[in-house]
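K.L.:
Based on what follows, work out the 3D shape:
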Amino acid sequence: MTKRARIMIGMAAGGLWGLVLLWGAARYVVLPVFALMPTIMTAFLLPGLFMLAVVARLAQRRFFDDEIIDGAAFVPGSGGDIDQRVLTNTAEQLVLALCIWPAAAVLLGGQGPGVIASLGVGFLLARLAFWAGYHLSPPLRAFGFAATFYPTIFVALWALIRLAGG
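P.N.:
Model (predicted):
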């Protein structure tokens, strides 16, 4: 199987994860609407803790390596280089989530709190898969990337459909 085929399978699995995550959240995760603002604010706790873990891992790598302790670039393909890429992509994904999830939570009405809370949990799980997959074999990161990215796309589309009156 080619590298592209493995990546496409991972991306498709991540898309399926996103659909199942949102479907399950809409159907089974019920939180009171009056809790919308606290839910929006706390939905980002797990993604933030993931970022904290990656930053801490990078700091630990630098502290114990005399070659990079002063801020030198990581050796391409090294564990530190991979962790830096994971941090960069996570920051990109989190900015998208911060721009989209709160509005989606409001536009989804009564389903908003449960969906937004589920997105936060799903983000953490997907990022862990991305991090592990990247270290095992770069094509394996496709699932974690897609499982983080697609739920944000899907909830944005869902919110826009609701906004349009659908």
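
K.L.:
which phi and psi does residue 16 have?
P.N.:
Phi and psi for residue 16, reported as degrees, to the nearest 10, are phi -60, psi -40.

K.L.:
Per-residue confidence at it, what does it come out as?
P.N.:
Per-residue pLDDT puts residue 16 at 96.

K.L.:
Would you map the helices across the protein?
P.N.:
3-28, 36-43, 45-63, 79-107, 112-136, 141-163 (DSSP state H).

K.L.:
Just tell me which of these ends up closest to residue 71.
P.N.:
helix 45-63 (7.5 Å; CB to CB). Every residue, glycine included, has its C-beta placed from N, CA and C.

K.L.:
what comes into contact with the closest one?
P.N.:
Around helix 45-63, the neighbours that count as contacts under CB atoms under 8 Å, 6 or more residues apart in numbering are 68-69, 71, 74, 79-80, 83-84, 86-87, 90-91, 94, 97, 120-121, 123-124, 127-128, 131.

K.L.:
Give me the buried subset of the residues you listed.
P.N.:
68, 74, 80, 83-84, 86-87, 90, 94, 97, 120, 123-124, 127, 131 (16 or more other CB atoms under 10 Å).

K.L.:
And the furthest pair within those?
P.N.:
Farthest pair in the buried ones among the contacts of helix 45-63, by CB to CB: 68 and 120, 32.2 Å.

K.L.:
Return the helix or strand in the protein with minimum mean pLDDT.
P.N.:
None of the helices or strands of the chain scores lower by mean pLDDT, DSSP states H and E than helix 36-43, at a mean of 90.

K.L.:
what angle do it and helix 79-107 make?
P.N.:
Counting by axes from the mean of the first three to the mean of the last three CA atoms, to 10 degrees, helix 36-43 lies at 170 degrees to helix 79-107.

K.L.:
and stretch 32-45, which residues are buried?
P.N.:
36, 39, 40, 43, 44.

K.L.:
farthest residue from the center of the chain?
P.N.:
Centroid-distance maximum for the chain: residue 66 at 32.2 Å, with CA atoms, centre = their mean.

K.L.:
so where's this structure uncertain?
P.N.:
For the chain, the stretches flagged by pLDDT under 70 are 166.

K.L.:
The same query, at a cut-off of 80, please.
P.N.:
Along the chain, segments meeting pLDDT under 80 span 33-34, 166.
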